[in-house]
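Q: what shape does this take:
(one chain, ligands or ions: 1)
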Amino acid sequence: MKLDFITIFPEFFEPLRLSLIGKARDKSLIEIGVHDLREHATNVHKQVDDTPYGGGAGMVMMPEVWGKALDPIITKDSELIILTPAGKRFDQRMAEELSNSKHLIFACGRYEGIDDRVRQYYKGEGFRVREVSIGDYVLNGGEVAAMVMVEAIARLIPGVIGNPDSLTDESHNVEGFLEYPTFTKPQIWRGLAVPSVLLSGNHKEIADWRNNQASKLSQCE
Ligand code: JCK
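A: Sure, this is the predicted structure:
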């Protein structure tokens with residue numbers, strides 16, 4: 001999978017060299033491109049934003065600059081993801097869908113966002129375009145949201161996660177998201193003991209206990 005990020009703050013994506021995603025890059029399971037939007041600015045001031053038509057506070061990102069950044073990298077295999085607080089909510093189902101794509105382009109805006117004609121244009125040209133939000137709170141830009149999405153998407157690509165058993169467990173409950181409390185050594189820490197069922201070696205009883213503890217079930221009771 002190829003992942004491209006377009007941003008005025010390329011440094012936000014340095015952490016993609018770490019941990020599982022860094023290793024997946026070394027193994028060529030994923031390829032990452034980070035593009036500085038400002039390199040596509042046309043005027044002497046390298047300006048990427050301008051005042052909004054219709055008035056109002058803040059600035060809007062200029063469509064020409066985005067067009068120049070996107071044209072060289074977008075293809076019919078691309079999924080153009082425009083981060084915006086008004087987008088469709090990102091969830092595990094969307095992560096699974098996107099993990100099957102060949103090419104994701106994350107358009108990371110700042111200020112009050114990107115001139116809507118960028119979305120209109122690429123959609124009109126027949127490219128796959130979606131507006132996505134990671135949750136109901138307001139961020140200062142799309143970069144952190146794109147990082148959240150990549151972490152959720154990349155771990156679903158075969159070979160990225162060391163132990164694929166954990167993925168199988170998750171896929172059995174896309175909806176319910178069975179989460180249960182976890183424990184490791186020592187058996188007693190600061191007077192708190194690990195539930196004895198987990199030391200029993202009885203796999204059926206352990207599975208039943210974990211199902212009972214699962215957050216979705218507890219909420220229903
Ligand atoms: C991308 C710029 C900042 C801040 C609202 C009201 C006109 C628009 C996001 N879950 C999420 N929250 N926020 C974002 C996100 C925020 C962004 C950008 C994503 C680009 N900003 C911003 C406020 C507004 N204004 C009237 C706009 C943009 C995700 N994903």
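Q: residues touching the most centrally placed residue in the chain, list them.
A: Nearest residue to the geometric centre of the chain (C-alpha atoms, centre = their mean): residue 149, 0.3 Å. By C-beta atoms under 8 Å, 6 or more residues apart in numbering, the contact list for residue 149 reads 81, 90, 95, 98, 106, 132, 134. Just so you know, the C-beta spots here come from the backbone N, C-alpha and C atoms, and that holds for glycine as well.
Q: ok, residue 142 next?
A: Applying C-beta under 8 Å, 6+ apart to residue 142 gives the contacts 7, 82, 83, 84, 106, 107, 108, 109, 110.
Q: again, 7 Å this time
A: Contacts here follow C-beta atoms under 7 Å, 6 or more residues apart in numbering; on that basis residue 142 touches 83, 106, 107, 108, 109.
Q: remind me which residues of this protein are low pLDDT?
A: Applying pLDDT under 70 to the chain picks out residues 172-177, 216-221.
Q: biggest separation within the contacts of residue 142, which pair?
A: By the measure C-beta to C-beta, 106 and 109 form the most distant pair in the contacts of residue 142, at 10.2 Å.
Q: mind listing the shared neighbours of the two?
A: With C-beta under 7 Å, 6+ apart as the test, residue 106 and residue 109 both reach 83, 142.
Q: rewinding a little: quick one: what helix or strand has the residue nearest to the centre of the chain in it?
A: Using DSSP states H and E, residue 149 falls within helix 143-154.
Q: residues in contact with the helix or strand just after that helix: which ones?
A: Using DSSP H and E, the helix or strand that follows helix 143-154 in sequence is helix 165-171. Contacts of helix 165-171 with the rest of the structure, by C-beta under 7 Å, 6+ apart, involve 156, 161.
Q: how about stretch 114-134?
A: Contacts to stretch 114-134, defined as C-beta under 7 Å, 6+ apart, come from residues 60-63, 66-67, 70, 74, 78-90, 107, 145, 148-149.
Q: CA atoms of it as CSV?
A: The C-alpha coordinates for stretch 114-134 follow below in CSV (Å, rounded to 0.1, in the frame of the first residue of the first chain):
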residue,chain,number,x,y,z
ILE,A,114,-9.6,23.5,2.0
ASP,A,115,-11.7,25.4,-0.8
ASP,A,116,-14.5,22.9,-1.5
ARG,A,117,-13.9,23.0,-5.2
VAL,A,118,-10.9,20.7,-4.6
ARG,A,119,-13.3,17.9,-3.5
GLN,A,120,-15.8,18.8,-6.3
TYR,A,121,-13.1,18.8,-9.0
TYR,A,122,-11.5,15.4,-8.2
LYS,A,123,-14.9,13.8,-7.6
GLY,A,124,-16.1,15.2,-10.9
GLU,A,125,-13.1,13.8,-12.7
GLY,A,126,-14.1,10.3,-11.5
PHE,A,127,-11.6,9.9,-8.6
ARG,A,128,-12.7,8.3,-5.3
VAL,A,129,-12.9,11.1,-2.8
ARG,A,130,-14.2,11.0,0.8
GLU,A,131,-14.4,13.6,3.6
VAL,A,132,-13.6,12.0,6.9
SER,A,133,-13.6,13.1,10.5
ILE,A,134,-12.1,11.1,13.4
